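Colleague: 3D model of this:
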Amino acid sequence: MCYQLIERYSACHCLYYQHAVDRCPAYGQAGHHVTSRTISVGYACPKHAQSSSSGSYSGGQSYSDSGYYSSHSRDSSYRQRR
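Modeller: You can find the predicted model right below:
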């Protein structure tokens, strides 16, 4: 079965990233379908987080776009220890 992963912002549902189709041997044959899986990332896209004058998306807070490590992380538990 072929899969395609689609990442959307959790608050506004704008597209974050659409991955290429992960093809199976039956890809392209008649009657074969691609199954899409959607996951939520971050909170709101930059357009909706900053354009909302009422703050309905951002709430005045800054959210990261994923759970991946960033060198800008303030949490010391994510830093590599030597």
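Colleague: phi, psi of His13?
Modeller: phi 70, psi 20 (degrees, to the nearest 10).
Colleague: For it, grab the count of nearby residues.
Modeller: 13 (other C-beta atoms under 10 Å). Glycine gets a C-beta too; all of them are placed from N, C-alpha and C.
Colleague: What of Gln50?
Modeller: Close neighbours of Gln50, defined as other C-beta under 10 Å, add up to 11.
Colleague: would you put the C-alpha positions of the helix or strand that it is a member of in CSV?
Modeller: In this structure, Gln50 sits in helix 46-51 according to DSSP states H and E. This file holds the C-alpha atoms of helix 46-51, laid out as CSV (Å, rounded to 0.1, in the frame of the first residue of the first chain):
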residue,chain,number,x,y,z
PRO,A,46,3.4,32.4,10.5
LYS,A,47,0.5,34.1,8.6
HIS,A,48,-2.2,33.2,11.1
ALA,A,49,0.0,33.5,14.2
GLN,A,50,1.0,37.1,13.4
SER,A,51,-2.0,38.4,11.4
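Colleague: which residue packs closest to Leu5, ignoring adjacent ones?
Modeller: His19 (4.2 Å; C-beta to C-beta, 6 or more residues apart in numbering).
Colleague: show me what contacts the one you found?
Modeller: The contact partners of His19, by C-beta atoms under 8 Å, 6 or more residues apart in numbering, come to 4-7.
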